[in-house]
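J.: Structure for the following, please:
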Amino acid sequence: MKCLVLAAGYATRLYPLTKNFPKPLLKVGEKSIIDWLLDDIEACGRINEYIVISNHKFAEVFYKWSKTKSYKIKVLDDGTESNESRLGAVKDISLAVDSLEINDDMLVIAGDNVLDFSLCRFMEYAENKKTSCVMRYYEASEEKLRKCGVLSVNEDDLVVEMEEKPAVPMSHWCCPPFYYYVKEDVKLIKRGLESGCGSDAPGSYIAWLCRQRLVHAMKMPGKRYDIGDLKSYERVGIEYKGILQ
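T.: The predicted model follows:
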């Protein structure tokens, strides 16, 4: 299984910290954001290749960081140099699949969130379901729901519908940017883009895919810390205690 880390954003809301430095490499406690994620995933023993997709501005920074890790990480430069020219998450995923000829199950994660639980649990869930999978958590705030991917699910955890940044949320189930694609669904990403699925938010592909194939949604077993601006970064630095379960 491959692990693809989405790290091609410019994090303009975190300026000046990220004006010349990538958000995933910002420290939270004793580690960087991306180290918290990948060290946990590596301990699960399921990944045979890590790919970090970066913009051109920060690719060399990620390459130097990758050489400090004990496991092999490939850094892929998407060629963009500004927030205005960015490809968007789904196009970055498609670029990685095509250029690296990926034909395997794939864990796709945003490189700018930290979790207080191990992603091993998510991978085990997906392996048992034998379908592409996402996670979900209850979000009470409609204002926050309008800024994320929102799911409706049935009693068997099947995703019935999903919409990114809905004006009127269909439920209180929010989908964080962590996805497990079975290899058959990895092959459909280009078709999804050609069919008009959104390309900016990573959940846009799931919103299209759940109408074509079975997708399950695991209830998130812990807390996710989203680092979107300076205030949230300061708060995470105080609150985050690492992986607790």
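J.: The residue lying farthest from the centre of the chain and Cys133, how far apart?
T.: Distance to the chain centre peaks in the chain at Glu155, reaching 25.1 Å (criterion: C-alpha atoms, centre = their mean). Remark: distance between Glu155 and Cys133 (C-beta to C-beta, to the nearest Å) = 16 Å. Placement of C-beta: from N, CA and C, glycine included.
J.: What of Leu214?
T.: Counting by C-beta to C-beta, the separation of Leu214 from Cys133 is 10 Å.
J.: Who has more neighbours out of the two?
T.: Cys133 (26 against 16; other C-beta atoms under 10 Å).
J.: How about the secondary structure of the more buried one?
T.: When classified by DSSP: H, G, I helix; E, B strand; the rest coil, Cys133 comes out as strand.
J.: That one contacts Met218, correct?
T.: Yes: counting by C-beta atoms under 8 Å, Met218 is a contact partner of Cys133 at 6.2 Å.
J.: overlap in contacts of the two?
T.: Residues touching both Cys133 and Met218 by C-beta atoms under 8 Å, 6 or more residues apart in numbering: 122, 125-126.
J.: just checking, Ala140 touches Cys174?
T.: No: counting by C-beta under 8 Å, Ala140 sits too far from Cys174 to count as a contact (9.9 Å).
J.: Looking at the two, which one has more neighbours?
T.: Comparing Ala140 with Cys174 by other C-beta under 10 Å, the one with more neighbours is Cys174, at 23 against 8.
J.: list the contacts for the more buried one?
T.: 136-139, 144-145, 148-151.
J.: what's the answer for Leu100, then?
T.: 51, 74, 76.
J.: Got a quick PyMOL command for the buried subset of those?
T.: The buried subset of the contacts of Leu100, as determined by 16 or more other C-beta atoms under 10 Å, is captured in PyMOL by this line:
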select buried, resi 51+76
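J.: Test my guess that Pro22 contacts Ser54.
T.: Yes: contact status for Pro22 versus Ser54: in contact at 7.0 Å, counting by C-beta under 8 Å.
J.: So which residues of the chain form helices?
T.: Per DSSP state H, the chain carries helices over the ranges 33-44, 59-66, 89-100, 120-129, 142-145, 183-186, 189-194, 203-209, 230-239.
J.: ok, and which of the ones you listed has the densest surroundings?
T.: helix 203-209 (a mean of 25; mean count of other C-beta atoms under 10 Å).
J.: what's the distance between it and the middle of its chain?
T.: 13 Å (C-alpha atoms, centre = their mean, to the nearest Å).
J.: Which other helices and strands does it contact?
T.: helix 89-100, strand 132-138, strand 149-153, strand 159-164, strand 178-181, helix 189-194 (3 or more C-beta pairs under 8 Å, 6 or more residues apart in numbering; DSSP states H and E).
J.: Just checking: what are the partner strands of the fifth one?
T.: By that I understand strand 178-181. With DSSP bridges as the test, strand 178-181 is paired with strand 106-110 (antiparallel), strand 132-138 (antiparallel).
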